[in-house]
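Trainee: What shape does this take:
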Amino acid sequence: MPRPLILGWITWRLAAYNAWSLPLLPAWLRRSPHFSTITMDTSMSFKSHLLPGFLFCSVLSAGVAAFISAQAAAPSAAKPSLDLAKVEAQKGDWTRWRGPTGDGISAEKGLLKTWPKEGPPLAWQTKGFGEGFSSVAVAGGKFFTLGRKNGKTTIIAASTKDGSVLWSTPFGDGEKPNCTPTVDGKLVFGVSCGGDLGCCDVNSGELIWSKSFSRDFGGRMHSSWGFSESPLVDGDLLIVTPGGDKAMLAALDKKTGKVVWQTEASRDQLGRDGGDGAAYASIVVSHAAGVKQYVTLVGRGLIGVDADSGKLLWNYSPVANGTANIPTPIISGDYVFGSSGYGKGSALVKIVKSGDKFDAEEEYFLDGNKLQNHHGGMIRLGNYIYLGHGHNDGNPVCIDMTTGKDAWRAGQSPGGASAAVAYADGHLYFRYENATMALIEANPKEYKLKGTFKIKTHNGQSWPHPVIAGGKLYLRDQNDMLCYDIKSK
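Mentor: Coordinates of the predicted model:
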C-alpha cells in the first residue's frame, strides 16, 4: 500500500477507534469537521462518513509527505554555510581562506562593537614567516600560512597562543606566495605562485604528496602574478584550478593526490573576454538549478563545473578583464554575483537548466564606474552585498544584490587604496593597503564607521585578508604576524 494511504489509514483508525484517541492527534487535525463528526458518533457507517474521513486523511497525508520530501530535496547553499561557520566559531577555527565556505563570514560572537583610537589590544606579535601576501588558516590551536623563505615557498605552522613557529616545510617555487593554506583534519594544503600543490601533515609538517599544475595538468595563469587560489576540500576530494585547456579544474584524492576528474574548457567554450588560464579567485560550492557544482572566476570569466564529473556546465565571460580577475564569486541559491577590476564591472547571473543544458542568464551588469571590486573580496548578508569599490580603491559600498542598486556609499574611504574585507558579529572588517583597519557596521540602511586604527607594522602593501577566530584578529604582514584581542570584556 502506498505510504500516504498507510498514513491515512492509521490516522483514521486512531480517530475512529475511540474518543480517547483524539488527544493523540495534532490540533489542526482535531479541528477538522471530518473528525468532529467521527468522534461524536462512532456508529455512523463507514461508507457515509468514515470513508470521506479516511480519504481526507490520505490526501492530507500525501500532501504533508510531499511537502516534507520537497523540503528535504530542495538544495540550500545558505544553511550549510551558516552551520559550518558556527561549528568553526565554536572551536575558534577558520580552516580556509575566507572561512569554511569561502564567503568571508565568521560566526564569532561577543566581539568589540567599537574600537578605541589606538585600536584593540595587541595580544602578541612575532616574526619568521618569510615573504608573501598569504593570510592564515586556523585549526586546532595552530595557524597556517605560506611564506617565501630561502628562495622556496614554505608551509608554516605556528601556535595560536604566542605565534611561535612549530614547523616549516618547503614545497614549491615561484615568487612571494598569495595562497592561504586550507586545513582539513590531519592535512594542510597549499599552492605556490609557481603552481606547486603540496599536502603536509598538520602535526609533523611532513610533505605527504605534491603535484605541479604546469607539468601534471598543462596549467597556466592568465597573467603574471602567479597561482593564488586556496584549494577547496569537499569530502574526500581536493578541488583546484590548474587552468589548463584539459584541466581548467581538477579533483584529486585529498589523501594521495590521485586525479579523479579534470575539466575540459578551451577558449572556444569560454569565449573571448579576459585571458586563457586560471585567475586569482578560489572555488566555492553552489547548488544552482538543483545541481551541485563548483563555481569560480577564471581568466575568461565565471564558470560552473559539475561536482560529480567535472563537466563544464556554464560560463559567463562579460565580467572578465584581460589583466587580473581576482574576487571570489558570491553564491546565493540559483544566483552568482561576480566582479572584477581594471574598469570592468560587476554582474548578477541566474543559473537555469533546460534538459541537460545550463545557462547563465544575466540579471544585470554594472559598469566599472558604477561598481568594481579590484581585490579584497565581497560579503553577502541576506540580500545585500558589502565591498570596497574602485580600482586600487576600497570605498565602502552596500548594494541590493537583487537589483544592483545602491543601499549606501561611504563617500570617503576610511583608509587608503584597496581593502580586504571579512565579517563577524554584525560588523565588517576592512583592512586597507596603507595598513589602516576599519570597523564598519553591517547595516544596509546607513554607513556607520565604528572605529579605525593603524596596524603596528607596515611592510609594503597591507593586502592579506583579516581573519577573525577565537576572539582574535589575525593580520599577516610579510615576515610579521600580529594578533589583536577583539573579544568584548
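
Trainee: Could I get the average pLDDT for stretch 129-144?
Mentor: Per-residue pLDDT over stretch 129-144 has a mean of 98.

Trainee: Pull out the CA atoms of it and give them to me as CSV.
Mentor: Listed next in CSV are the C-alpha coordinates belonging to stretch 129-144 (Å, rounded to 0.1, in the frame of the first residue of the first chain):
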residue,chain,number,x,y,z
PHE,A,129,57.0,33.9,8.2
GLY,A,130,59.0,35.0,5.2
GLU,A,131,57.8,37.0,2.3
GLY,A,132,54.3,36.8,0.9
PHE,A,133,50.7,38.0,0.9
SER,A,134,49.1,34.8,2.2
SER,A,135,46.6,35.1,5.0
VAL,A,136,46.2,32.5,7.7
ALA,A,137,44.0,29.4,8.3
VAL,A,138,43.3,28.5,12.0
ALA,A,139,42.7,25.0,13.3
GLY,A,140,43.3,23.0,16.5
GLY,A,141,45.4,25.6,18.3
LYS,A,142,47.6,26.3,15.3
PHE,A,143,47.6,28.7,12.4
PHE,A,144,49.0,28.0,9.0
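
Trainee: in it, what counts as buried?
Mentor: Buried residues in stretch 129-144, counting neighbours by 16 or more other CB atoms under 10 Å, are found at 129-139, 142-144. C-beta here means a position set from N, CA and C on the backbone, and glycine is covered the same way.

Trainee: List the residues that contact Gly376.
Mentor: 327, 387-388, 394, 418-421, 431, 463, 465 (CB atoms under 8 Å, 6 or more residues apart in numbering).

Trainee: Quick one: classify it as helix, strand or coil.
Mentor: Classification of Gly376 using DSSP: H, G, I helix; E, B strand; the rest coil returns coil.

Trainee: What is the burial count for the residue nearest to it when sequence neighbours are not counted?
Mentor: Once flanking residues are discounted, Gly376 sits nearest to Ala420: 4.3 Å by CB to CB, 6 or more residues apart in numbering. By the measure other CB atoms under 10 Å, the count of residues near Ala420 is 24.

Trainee: ditto for Arg272
Mentor: Applying other CB under 10 Å, I find that Arg272 has 10 neighbouring residues.

Trainee: Now for the residue nearest to it when sequence neighbours are not counted, how many residues are close by?
Mentor: Spatial nearest neighbour of Arg272, chain neighbours left out: Ser317 (7.3 Å); criterion: CB to CB, 6+ apart. Residues near Ser317, counting by other CB under 10 Å, number 17.

Trainee: Report pLDDT for Ser317.
Mentor: pLDDT, read off for Ser317, is 97.

Trainee: Identify the residues contacting it.
Mentor: 270-274, 300-302 are the contacts of Ser317 under CB under 8 Å, 6+ apart.

Trainee: could you redo the last one with a cut-off of 10 Å?
Mentor: Contacts for Ser317 (CB atoms under 10 Å, 6 or more residues apart in numbering) come out as 270-274, 298-303, 360.

Trainee: quick one: which of the residues you listed has the most company?
Mentor: These, ranked by neighbours (other CB under 10 Å): first place Val298, 30 neighbours.

Trainee: Just the pLDDT at the residue nearest to it when sequence neighbours are not counted, thanks.
Mentor: Closest residue to Val298 apart from its sequence neighbours, by CB to CB, 6+ apart: Ala279 at 5.0 Å. On the pLDDT scale, Ala279 is placed at 98.

Trainee: how near is Ala279 to Gly304?
Mentor: As judged by CB to CB, to the nearest Å, Ala279 and Gly304 stand 15 Å apart.

Trainee: Pick out whichever of the two has more residues nearby.
Mentor: Taking neighbours as other CB under 10 Å, Ala279 and Gly304 compare with Ala279 leading, 29 against 25.

Trainee: just checking, Arg267 touches Asp245?
Mentor: Yes - contact criterion CB atoms under 10 Å: Arg267 and Asp245 qualify, at 7.9 Å.

Trainee: Quick check: Gly415 touching Leu439?
Mentor: No - Gly415 is beyond contact range of Leu439, at 11.4 Å (criterion: CB under 10 Å).

Trainee: who touches both of the two?
Mentor: 430, 452.

Trainee: taking the buried residues of stretch 129-144 as a set, which two sit the farthest apart in space?
Mentor: Within those, Glu131 and Ala139 form the most distant pair, 23.6 Å apart (CB to CB).

Trainee: Please enumerate the strands of the stretch 151-300 of the chain.
Mentor: 152-159, 165-172, 182-184, 187-191, 196-201, 207-212, 232-234, 237-240, 250-253, 259-262, 284-286, 293-298 (DSSP state E, counting those that start in this stretch).

Trainee: For the fifth one, name the packing helices and strands.
Mentor: Strand 196-201 sits against strand 152-159, strand 165-172, strand 187-191, strand 207-212, helix 213-217, strand 237-240, strand 250-253, with contacts defined as 3 or more CB pairs under 10 Å, 6 or more residues apart in numbering; DSSP states H and E.

Trainee: Show me how this protein divides into domains.
Mentor: Domains of the chain are assigned by automatic domain parsing as 3-73, 78-485.

Trainee: Name the stretch among these that sits most buried.
Mentor: domain 78-485 (a mean of 20; mean count of other CB atoms under 10 Å).

Trainee: mind listing the helices for the chain?
Mentor: Assigned by DSSP state H, the chain shows helices spanning 3-17, 27-30, 33-40, 51-73, 78-91, 213-217, 267-270.

Trainee: low-confidence ranges in the chain?
Mentor: 1-82 (pLDDT under 70).

Trainee: ok, for the most centrally placed residue in it, nearest residue in space, not its chain neighbours?
Mentor: Geometric centre of the chain, nearest residue: Gly102, 2.5 Å, by CA atoms, centre = their mean. Nearest residue to Gly102 in three dimensions, chain neighbours excluded: Val284, at 4.4 Å (CB to CB, 6+ apart).

Trainee: which residues does the one you found bridge with?
Mentor: Using DSSP bridges, the beta-bridge partners of Val284 come out as Val295.
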